[in-house]
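>>> Provided below for reference: sequence and predicted model.
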Amino acid sequence: MLTVAETTLQELAQQRGLGISTHLYGQEVNPETYAISKADLLLKGEGEEGDKIAYGSTLSSDAFPTLDFDFMLSNPPYGKSWKKDLDAMGGKKDMLDRRFVVTHDGDPEFSLITRTSDGQLLFLVNKLSKMKRDTALGSRIAEVHNGSSLFTGDAGQGESNIRRWIIENDWLEAIIALPLNMFYNTGIATYIWVLTNRKSEQRRGTVQLIDATSWFQPLRKNLGQKNCELSEGDIRRILDTFERLEESEQSRVFPNAAFGYWKVTVERPLRLRVDLSEARRARFRRACRAAKEEPLANLVDRLARTLGEGPLLDYNAVLAAAEAQADRDHINLTTKRLKLLQAELAERDEQAEPVVRTRRRAKMDEQSDTDDSLNGRYHVDEGGQRWVIEYEPDSELRDTEQVPLLEEGGIAAFINREVLPYAPDAWVDDSKTRSGYEISFNRYFHKPQPLRTLDEIRADILALERETDGLLGEILGA
């Protein structure tokens, strides 16, 4: 890759009447590939450049930590575990390498660490750390990835954070989808990521997606799974599409935010009723003995005598009575005891009142309506006093939604349109909201096959009937 790139640069410079000098640097962890690359340079009489080809892992043993470069390119391994590298770097919690833990959006410990099962995006992060930032031309990067780099990783996880870091810094120029079966040992989809820290004025704030999957020349003889290649005309077509930056059937241009979303956690209140029947309390007593909480069982027996053993009781009323009884009995209702009471005596009931988590008097400067119910805070008037109530969420009803960053009206508009008509008691837990980024080529370039007409289907059925006419008789020997 390095020597081909050097030849291409020299040819481009010669076409423009420019004189340039190139210096090659590379790193390879595979010993055979490392030896071949060194030998290649030596045989071409470029022994000095061969000395700049380093052996070792790019991730855990960076051979050029103090250098930056004008042009960088790579074809990192796909789906290859980098757990050994991570362990050598101190693990996720003790990672000290500032290539992979950066400052972004006010977070000084923004993690770019991906799953250990696939580290290909980390090679891109490594190159971004070596961009020239004090020159007019900056740096340009090209890397070949498989499709997982486009969408794997949930909001807040390493892969998504890398995409977010790249796009929000406006480094991503374009992603080019290549034809299938381009490589010797795999037929999977591959993509070229093109990045720079010196975007042209017309490209700022945008990302171009190019679908070049149909631009190829078939090989006369397959080489493993490789059955096609990019001809000079195909390469020229890709470059022209990139340079024009125009919308077409194979080219789409999007604002950076088009690939971003908020992942929001939607909660619904826990609704419980309490069963204080003798049979249920007998089971509760057994659970209390196992947990060495006999005083709690005695407290519940006294509650049953006070509240009765009739229909299922409202959980909030039972809890208030339990707290009052606990004060009289000098029993501390710890979180552990409340969980035991809830687990053994309560059951979900959609018709029950929501379980109250906190209840406080509203402050003078708090709003006087229920607008913030979207965030799980409900305002109610009781006895001439305004109260703010927060309900206990039901983990079994918890759900998540992806809200596009370009959603008109933001998260509130999306929830009001897509959630509240079907779950009026739902709210969003703001503390769990995360930003994520993903890129879907299929969403923008997929061309669904048109459905066949009824006439075509009818013609096929009639043709089959003609073909099978008399077949049953032949089978039965008629």
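The structure has been received and is ready for your questions.
>>> now the helices: where do they sit in the stretch 101-250 of the chain?
120-128, 148-151, 158-168, 232-244 (DSSP state H, counting those that start in this stretch).
>>> where does the stretch 351-478 of the chain dip in pLDDT?
365-371, 472, 477-478 (pLDDT under 70).
>>> how does it look with 90?
Residue ranges of the stretch 351-478 of the chain with pLDDT under 90: 358-388, 446-452, 462-478.
>>> so what's residue 187 up against?
Applying Cβ atoms under 8 Å, 6 or more residues apart in numbering, we find residue 187 in contact with 180-181, 225. No exception for glycine: its C-beta is placed from N, CA and C like everyone else's.
>>> before we move on, back to that, wait, which of the helices of the stretch 101-250 of the chain is closest to residue 106?
helix 158-168 (11.9 Å; Cβ to Cβ).
>>> C-alpha coordinates for that closest one, PDB please?
Provided in PDB are the C-alpha atoms of helix 158-168 (Å, rounded to 0.1, in the frame of the first residue of the first chain):
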ATOM      1  CA  GLY A 158     -16.700   3.000  22.100                       C
ATOM      2  CA  GLU A 159     -17.700   2.500  18.500                       C
ATOM      3  CA  SER A 160     -20.500   5.100  18.600                       C
ATOM      4  CA  ASN A 161     -18.300   7.500  20.600                       C
ATOM      5  CA  ILE A 162     -15.600   7.300  17.900                       C
ATOM      6  CA  ARG A 163     -18.200   8.100  15.100                       C
ATOM      7  CA  ARG A 164     -19.500  11.000  17.300                       C
ATOM      8  CA  TRP A 165     -16.000  12.300  18.000                       C
ATOM      9  CA  ILE A 166     -15.100  12.200  14.300                       C
ATOM     10  CA  ILE A 167     -18.300  13.700  13.000                       C
ATOM     11  CA  GLU A 168     -18.700  16.400  15.600                       C
END
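>>> can I have the buried ones of the contacts of residue 187 as a ChimeraX selection?
To isolate in ChimeraX the members of these that are buried, counting by 16 or more other Cβ atoms under 10 Å, one can use:
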select :180,181
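>>> quick one: contacts for the most centrally placed residue in the chain?
Residue closest to the average C-alpha location in the chain (Cα atoms, centre = their mean): residue 154, at 2.7 Å. If you count contacts by Cβ under 8 Å, 6+ apart, residue 154 has them with 160, 263, 434, 436.
>>> measure it to residue 254 for me?
Counting by Cβ to Cβ, to the nearest Å, the gap from residue 154 to residue 254 is 22 Å.
>>> using a markdown table, please lay out the contacts of residue 154 together with secondary structure and distance to residue 312.
Converted to a markdown table, the contacts of residue 154 look like this (DSSP: H, G, I helix; E, B strand; the rest coil; distance: Cβ to Cβ, whole Å):
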| residue | secondary structure | distance to residue 312 |
| --- | --- | --- |
| 160 | helix | 44 |
| 263 | strand | 36 |
| 434 | strand | 38 |
| 436 | strand | 42 |
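>>> nearest to residue 277, of those residues?
Closest to residue 277, out of all of these and judged by Cβ to Cβ, is residue 263, at 42.8 Å.
>>> out of everything not next to it in sequence, what's closest to the closest one?
Using Cβ to Cβ, 6 or more residues apart in numbering and skipping the chain neighbours, the partner closest in space to residue 263 is residue 155 (3.8 Å).
>>> any idea how many residues pack against the one you found?
Neighbourhood size, residue 155 [other Cβ atoms under 10 Å]: 21.
>>> what does residue 359 give?
14.
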